[in-house]
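**Student:** 3D model of this:
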Amino acid sequence: MSSALMWRTEEFSTPGGTQVSNLLREATLENRLNALRDIALTLLSEVESLRSVPPAQRTDNLKLQDEVQRFESDLIRSALQKTHGSQVRAARLLSVKQTTLNAKIKRYKISIIDREQGTGRVQNHEIAA
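**Tutor:** Predicted coordinates:
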């Protein structure tokens, strides 16, 4: 048995071992709190990203093709915003070829504000039918 294991075992059995035991519990609790804090921050950022998505427009005449195009257009805009307008990185993020993404950007008339302006925001346009 290693001396480190024996040292720890001996320390727990002595009156000073109680202090070490308490320190270990506090460290474990702190690690759990840090993990929980990270999860909460991630969840908050996801909720914030959901707020930026416009609500779906409800009509009585829903058409699957129109809804698919709207959903696809929103995904492309989101990917372009996350990549600050880089079509290469957005295509990688969406797991499509760059030429496919470029064709869809043209089809849905999505235009990107010049990245040199520093905003990298995507302009919203009507979806071409």
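**Student:** ok, residue 76 - contacts?
**Tutor:** 90, 94, 101, 104, 105, 108, 110 (CB atoms under 8 Å, 6 or more residues apart in numbering). In short, each C-beta sits where N, CA and C put it, glycine included.
**Student:** and if we set it to 6 Å?
**Tutor:** By CB atoms under 6 Å, 6 or more residues apart in numbering, the residues touching residue 76 are residue 110.
**Student:** so it is in which element?
**Tutor:** Residue 76 belongs to helix 64-82 when assigned by DSSP states H and E.
**Student:** Check which residues of the very next helix or strand once past that helix are buried.
**Tutor:** From helix 64-82 onward toward the C-terminus, using DSSP H and E, the following helix or strand is helix 87-94. For helix 87-94, a neighbour-count test (16 or more other CB atoms under 10 Å) marks 87, 90, 91, 93, 94 as buried.
**Student:** And those, which is closest to residue 46?
**Tutor:** residue 93 (16.0 Å; CB to CB).
**Student:** Residue 22 is in what secondary structure piece?
**Tutor:** Assigned by DSSP H and E, residue 22 falls in helix 15-51.
**Student:** Quick check: mean pLDDT of that helix?
**Tutor:** If you average the pLDDT over helix 15-51, you get 81.
**Student:** Show me what it is packed up against.
**Tutor:** helix 3-13 (3 or more CB pairs under 6 Å, 6 or more residues apart in numbering; DSSP states H and E).
**Student:** Kindly recompute the last result at 10 Å.
**Tutor:** Using 3 or more CB pairs under 10 Å, 6 or more residues apart in numbering; DSSP states H and E, the elements in contact with helix 15-51 are helix 3-13, helix 64-82.
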